[in-house]
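Any chance you can model this:
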Amino acid sequence: VQLVESGGGSVQAGGSLRLSCAFSGFRFDDYTIAWFRQAPGKEREGVSSIEIPYGSTNSADSGRVTISSDSIKKTVYLQMDSLKPEDTAVYYCAGTDCFGYGVDTNKYDYWGQGTQVTVSS
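Residues are numbered from 1 along each chain as shown. Next up is the predicted model:
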């Protein structure tokens, strides 16, 4: 399994970005895919997850982020709105063939290389 993130960039506060996580490999529909982020000097934290076969989602800030998936494109998206400077971080997507763990970092086996999101005030 390989995961490749894209869609990061620089935006002003209040703006929006949509991140994409492209999945390569078999059994996309049997996975949970999650987004994490890590800001400089801080620990990695969970943002949102989706259990692909069930469509179940779990988001730390559901008012500003929306996670979705496209099984034909084998891609998971993270729509982020009303961005704040404190959202600045490297965003990673990760995958596991387990369910029920939400954004527990230790449960994810596959990780992408990350995409930088910078929000300026």
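
Would you indicate which residues of the worst-scoring helix or strand of the chain on mean pLDDT are buried?
Ranked by mean pLDDT, DSSP states H and E, the weakest helix or strand in the chain is strand 56-59, scoring a mean of 92. For strand 56-59, a neighbour-count test (16 or more other CB atoms under 10 Å) marks 57-59 as buried. C-beta here means a position set from N, CA and C on the backbone, and glycine is covered the same way.

I'd like to know which elements it is packed against.
When contacts are defined as 3 or more CB pairs under 8 Å, 6 or more residues apart in numbering; DSSP states H and E, strand 56-59 sits against strand 45-51, strand 65-70.

Please spell out which residues along the first one are buried.
Neighbour-count burial for strand 45-51 flags 46-51 (criterion: 16+ other CB under 10 Å).

In the sheet, which strands lie alongside the least confident helix or strand of the chain, parallel or antiparallel?
Here strand 56-59 has these sheet partners by DSSP bridges: strand 45-51 (antiparallel).

Between strand 65-70 and the partner strand, find me the angle.
With axes from the mean of the first three to the mean of the last three CA atoms, to 10 degrees as the basis, strand 45-51 and strand 65-70 are set at 40 degrees to each other.
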